[in-house]
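Undergrad: The sequence and its predicted three-dimensional model are supplied below.
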Amino acid sequence: MVFFFPGADLVTEVNTRMELAPGLTGTCHMAVRVKDTAQAQGSGEVPVLSTPRMVALMEAAAVACVRGRLPAGHTSVGVKLDVEHIAATPPGMDVRAVAKLAAVEGRRLVFEVEARDEIEVIGRGTHVRVVVEETRFLEKALRKWQACEGD
């Protein structure tokens with residue numbers, strides 16, 4: 001399907017089918033800041049990269065892996081994580097996460113994820129995402145919010 005956007009010099013083609021296959025990879029990186037530490041985020045008492053920030057980086061790598069490969073109007077949402085945080089990373093170091101698409105099971109996408117700092121692997125595991133129709137997904141969330149709004 002081809003769409004013309006006003007003011008655009010190029011024709012933008014919108015994907016209408018999933019173009020996913022095992023082996024695709026996505027990456028995301030960050031410089032660890034004090035605000036990313038377990039101490040600052042309240043997930044621990046030490047000034048090293050927090051597990052929640054490492055996991056978020058892994059999820060972002062999985063999102064990057066499928067970006068532009070899903071049908072128009074669709075997105076993926078995280079539904080499961082099984083991750084080990086195996087080494088500490090202090091502020092000032094760079095961390096890179098890689099997500100490799102290991103399996104496509106209908107709408108279910110299974111990723112092998114790994115994060116490394118400048119020295120070593122700091123985390124690894126499995127992340128599962130599901131492909132959803134974005135508008136329908138958000139409408140359901142809105143109905144839930146509306147149902148509890150009166151409370």
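TA: Thanks, I have the structure now. Numbers count the residues shown, from 1 in each chain.
Undergrad: where does the closest residue to Val66 other than its chain neighbours land in three-state SS?
TA: Counting by CB to CB, 6 or more residues apart in numbering, Val66 lies nearest to Ser76, which is 5.7 Å off, once chain neighbours are set aside. Placement of C-beta: from N, CA and C, glycine included. Here Ser76 is recorded as strand under DSSP: H, G, I helix; E, B strand; the rest coil.
Undergrad: how close does Ala102 get to Leu109?
TA: In this view, Ala102 and Leu109 are 9 Å apart by CB to CB, to the nearest Å.
Undergrad: Look at the two and report which has more neighbours.
TA: In this view Ala102 and Leu109 are compared by other CB atoms under 10 Å, and Leu109 has more residues nearby, 27 against 16.
Undergrad: Can you show me the helices along this protein?
TA: With DSSP state H, the ranges of helices along the chain come out as 38-41, 51-66, 134-149.
Undergrad: helices and strands around the shortest one, which ones?
TA: Think helix 38-41. Packing partners of helix 38-41 (3 or more CB pairs under 8 Å, 6 or more residues apart in numbering; DSSP states H and E): helix 51-66.
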